[in-house]
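1. Sequence unavailable; structure follows:
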Ligand SMILES: NC(=O)c1ccc[n+]([C@@H]2O[C@H](COP(=O)([O-])OP(=O)(O)OC[C@H]3O[C@@H](n4cnc5c(N)ncnc54)[C@H](O)[C@@H]3O)[C@@H](O)[C@H]2O)c1
């Protein structure tokens, strides 16, 4: 049994991770300021003897005696992270600094939830970890993209300078139950619009692609990544090496809209709106490194994952 800190543990991915870690017999401390997270995401864990919730803003320093830290605290969808861009950069940078200082102080291994957004609007396809990215440093998404890039730079610096064991995961689009219904993302938007019988809004032509990973697959990969020995995780490089985690099956936005319509049995029409600035045209992870080192592949296909997600939305929307 390990004692594990999960920052952002009341959020979408974090709550699934907490659940899995508790089920595996670990003791879990969840730190969250409930900015985009919700108590109901972890309600079922609150009375558990091996689970603690600390209401805490990671922009304030913290030290918790733990073996592992999963650092997820950060708003993740454009609607949420663009609401207060300065605060988003602060959370990406200062929050990660505090997580790294805590890991250094107590000798814990640290998982950093980075993102495919560090690749920006990519000029190579698919993206592997050696690609440095194509990010607009002053665009609407910069507070998040550049914030996460800085978080990665901080993490490798702590690894090289202080020997902190870090695992940088570049997470690609993830979906599943407990997504926010108002986060403006493709899956949640389409599911909510279809269930309410409202028109389904597509931005651009709908021919842009994304690769969607079901949350259980992502959590499995994250746990395997943290279990990896330091030698294997760094591949003999000084400091840490990032790892793409996601599902490489690429689908067009239009395909998703059609699938959501089919699963919900909705008759919502598709309507088209202009593409927002800096919206990447294509996104697909090369997960060769994760497959090799973690002996992992996503298992849940889009149809099954969407059906589970839509069922959860249906229950929550009443
Ligand atoms: N969901 C995805 O597709 C995706 C893709 C790439 C990366 N990520 C990363 O994974 C992590 C989790 O994302 P998610 O989709 O679960 O988002 P989420 O918004 O549901 O969860 C983020 C959690 O962090 C908490 N939080 C935010 N700021 C905080 C602060 N200053 N102090 C303490 N807690 C704070 C929120 O309350 C929330 O519970 C994020 O770091 C995100 O950048 C997610």
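-> Now that the structure is in, tell me what you want to look at. The structure presented is a predicted model; accordingly, all values stated were derived computationally and were not measured.

2. contacts, neighbours, all on C-alpha from now
-> Will do.

3. all strands for the stretch 51-200 of the chain, in order.
-> Remark: strands assigned in the stretch 51-200 of the chain by DSSP state E, counting those that start in this stretch are 51-55, 68-71, 109-115, 166-171, 174-175, 200-203.

4. The first one pairs with which strands, parallel or anti?
-> In this case it means strand 51-55. The strands beside strand 51-55 in its sheet (DSSP bridges) come out as strand 27-32 (parallel).

5. how long is stretch 276-286 end to end?
-> One end of stretch 276-286 sits 25 Å from the other (C-alpha to C-alpha, to the nearest Å).

6. wait, does it contact the ligand?
-> No. Stretch 276-286 stays clear of the ligand (C-alpha under 6 Å from any ligand atom), getting no nearer than 11.8 Å.

7. can you list contacts of that stretch?
-> 120-122, 125-129, 136, 139-141, 172, 203, 208-211, 244-250 (C-alpha atoms under 8 Å, 6 or more residues apart in numbering).

8. Low-confidence stretches in this structure?
-> 278 (pLDDT under 70).

9. Longest helix in it, please.
-> helix 142-162 (DSSP state H).

10. got the angle between it and strand 166-171?
-> Orientation of helix 142-162 against strand 166-171 (axes from the mean of the first three to the mean of the last three C-alpha atoms, to 10 degrees) gives an angle of 160 degrees.

11. Which neighbouring elements make contact with helix 142-162?
-> helix 85-90, helix 96-106, strand 109-115, strand 166-171 (3 or more C-alpha pairs under 8 Å, 6 or more residues apart in numbering; DSSP states H and E).

12. can I get these in JSON lines with distance to the ligand?
-> Formatted as JSON lines, these follow (distance: least, C-alpha to the nearest ligand atom, whole Å):
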{"stretch": "helix 85-90", "distance to the ligand": "8"}
{"stretch": "helix 96-106", "distance to the ligand": "10"}
{"stretch": "strand 109-115", "distance to the ligand": "4"}
{"stretch": "strand 166-171", "distance to the ligand": "4"}
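
13. now, of the ones you listed, which is deepest in the fold?
-> strand 166-171 (a mean of 26; mean count of other C-alpha atoms under 10 Å).

14. List the contacts of that one.
-> By C-alpha under 8 Å, 6+ apart, the surrounding residues in contact with strand 166-171 are 109-116, 118, 152, 155-156, 159, 222, 225-226, 233, 240-246.

15. go on, stretch 49-63?
-> For stretch 49-63, contacts defined as C-alpha under 8 Å, 6+ apart pick out 7, 22, 26-34, 45-46, 73, 90-91, 94-96, 98-99, 102, 105-106.
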